[in-house]
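Novice: 3D model of this:
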Amino acid sequence: MRRPEHGNRITQAMAEELTAALESARRSPDVGACVLTGEGDVFCLGGDYRSAGPTNVGRHEFARAFIDMAQAMARLGKPLIAAVNGNAHAGGNLTPPTSDSQAHLVVASDKAKSGDYETAIKNYRLALSGANSQTGYVYQQMGTCFQRIKDKASAISSFNRAIEEYHKLESANQQVDLARAGIKVCENGIKLCNIE
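Specialist: Okay, here's the model as predicted:
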């Protein structure tokens, strides 16, 4: 990570670049392990929430890029060594989901993209037990799926659970920027449910 003047905070573009690099390493038979470090005196102070911009769409895209990066870490299938050379805060100490949860998240995401929201919800529920630091995101995605099938009560309940999980991350000073972006997305989801 090469943004020492900003504490190596990860922008959306950096998250996308890291995801691509991890996917390339996963596919390469010549790579046996990966080392991630930060330039300068800081490892990583988390996500650069400001790079998401002022819109909910921008915040959602930022959160998605950060989640994709965490999922690429979980999918790597090779040792990923964090050469921590200084402070590591917020998303800089991300705990990816277990491999079982990761598999359910991949299926859920694919099903949601294809419009099969009920199967997506089932897989998101299965992913919850090992979602770790992504629990809020999983509930958020469930809320969105429930919203799509017009189950307002379940959507609002899922969004509220997501907000609770995001507040836990904030309280623990973990993934604060990502948690705040998720809270805003969920709050807007609840408002939409109340309008429809």
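
Novice: Backbone dihedrals for Gly115, please?
Specialist: phi 90, psi 0 (degrees, to the nearest 10).

Novice: same deal with Ile81?
Specialist: phi -100, psi 120.

Novice: burial count for it?
Specialist: Taking other CB atoms under 10 Å as the neighbour definition, Ile81 ends up with a count of 11. Placement of C-beta: from N, CA and C, glycine included.

Novice: for Lys113, same thing?
Specialist: Considering only other CB under 10 Å, Lys113 is surrounded by 9 other residues.

Novice: From Ile163, how far out is it?
Specialist: 24 Å (CB to CB, to the nearest Å).

Novice: ditto for Asp41
Specialist: Taking CB to CB as the measure, Asp41 and Ile163 are separated by 35 Å.

Novice: neighbour-wise, which of the two wins?
Specialist: The residue with more neighbours, out of Asp41 and Ile163, is Ile163; 23 against 11, by other CB under 10 Å.

Novice: shouldn't the more buried one be in contact with Glu187?
Specialist: Yes: counting by CB atoms under 8 Å, Ile163 sits close enough to Glu187 to count as a contact (7.2 Å).

Novice: Let me see the contact set for Ala131.
Specialist: Listed by CB atoms under 8 Å, 6 or more residues apart in numbering, the contact set of Ala131 reads Pro97, Ser101, Leu105, Tyr137, Val138.

Novice: which two in the residues you listed are spaced the farthest apart?
Specialist: Farthest-apart pair in these is Ser101 and Tyr137; separation 11.3 Å (CB to CB).
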